[in-house]
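**Student:** pasting a predicted model and its sequence here:
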Amino acid sequence: MSADSQGNDLDAVQVPLTGLAAYAPLLEANVIAKADLGASPLVLPAAFDRLGLYKQDGGPAPSRESEDEIQFFQKGYSLAGDAVRSVVIGLAEDNAAVRALTEGVEPDANGVIEVSSSLPNNRFILLVVTKYRNGAEKRQIGVASVTAVEQDQSERGSVEGANVTFTWHEHELFNDAPFWQWGPAVPGAVVTP
């Protein structure tokens, strides 16, 4: 469908259906090349671990926080302050990949994790894919770390998950960008800039 007489286009509305989040060690071999980000199907390097199901209201929630802008003596001129980008995902599964990422340690021979009060100081490659009703997908990949984990309250009959905040970091593997984004577009389709 193209835009109507008022310039509105329903096909341009992105209605999320599903998605995935996965992470891998911070190695060049785990970077998905720009030319492959729009491929159908998207092939992940073997080192990626998927984080499983999201909570119903736990789809990726991106944010950008900026420091104060720099003001000049002359009115109307300013420079944007440094910004930090992050994404919060409501993870529903309590699987080995999620625990390794949020706790930063593997269970010992007895299956016990020695829980720390601090978040792990780990950086990794994060991939976040959102699939939309119109067949389009948005794919983001970059270097991230876990900067907050908010466990859900235990509630009878409800999913007990965690809202995990991933903060993107500028890194040389991604040309000093916080992340690369492909789409929203239909995977495998020819994309014209």
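**Tutor:** Sure thing, it's come through.
**Student:** sec struct for the closest residue to Pro25 other than its chain neighbours, please.
**Tutor:** What sits nearest to Pro25 in space, not counting adjacent residues and going by C-beta to C-beta, 6 or more residues apart in numbering, is Ala47, at 5.8 Å. All C-beta spots, glycine's among them, are computed from the backbone N, C-alpha and C. Recorded secondary structure, Ala47: coil (DSSP: H, G, I helix; E, B strand; the rest coil).
**Student:** repeat for Ala97
**Tutor:** helix.
**Student:** wait, what's in contact with the closest residue to it other than its chain neighbours?
**Tutor:** Spatial nearest neighbour of Ala97, excluding adjacent residues (C-beta to C-beta, 6+ apart): Asp49 at 3.9 Å. Residues counted as contacts of Asp49 (C-beta atoms under 8 Å, 6 or more residues apart in numbering) are 22-24, 97, 100-101.
**Student:** show the buried residues in the residues you listed.
**Tutor:** Neighbour-count burial (16 or more other C-beta atoms under 10 Å) applied to the contacts of Asp49 gives 22-24, 97, 100-101.
**Student:** so the residue nearest in space to the middle of the chain is in which element?
**Tutor:** Centrality entry for the chain: nearest residue to the mean C-alpha point is Val128, 4.0 Å, by C-alpha atoms, centre = their mean. Here Val128 sits within strand 124-132, counting by DSSP states H and E.
**Student:** run me through the strand neighbours of the least confident helix or strand in the chain by mean pLDDT, direction for each.
**Tutor:** None of the helices or strands of the chain scores lower by mean pLDDT, DSSP states H and E than strand 78-79, at a mean of 80. The strands beside strand 78-79 in its sheet (DSSP bridges) come out as strand 70-71 (antiparallel).
**Student:** pLDDT on the partner strand, on average?
**Tutor:** For strand 70-71, mean pLDDT rounds to 84.
**Student:** got the contact list for it?
**Tutor:** Contacts of strand 70-71 (C-beta under 8 Å, 6+ apart): 77-79, 81.
**Student:** apply 10 Å and report the result again.
**Tutor:** The contact list for strand 70-71 (C-beta atoms under 10 Å, 6 or more residues apart in numbering) reads 77-81.
**Student:** which of those are buried?
**Tutor:** In the contacts of strand 70-71, nothing passes as buried (16+ other C-beta under 10 Å).
**Student:** now these in TSV, with distance to Thr167?
**Tutor:** Conversion of the contacts of strand 70-71 to TSV gives the following (distance: C-beta to C-beta, whole Å):
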residue	distance to Thr167
Tyr77	30
Ser78	25
Leu79	23
Ala80	19
Gly81	17
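**Student:** tell me the strands beside the longest strand seen in the chain, with direction?
**Tutor:** Ranked by residue count, the top strand of the chain under DSSP state E comes out as strand 137-151. Applying DSSP bridges, strand 137-151 is found paired with strand 124-132 (antiparallel), strand 162-169 (antiparallel), strand 179-185 (antiparallel).
**Student:** with that, I have no additional questions.
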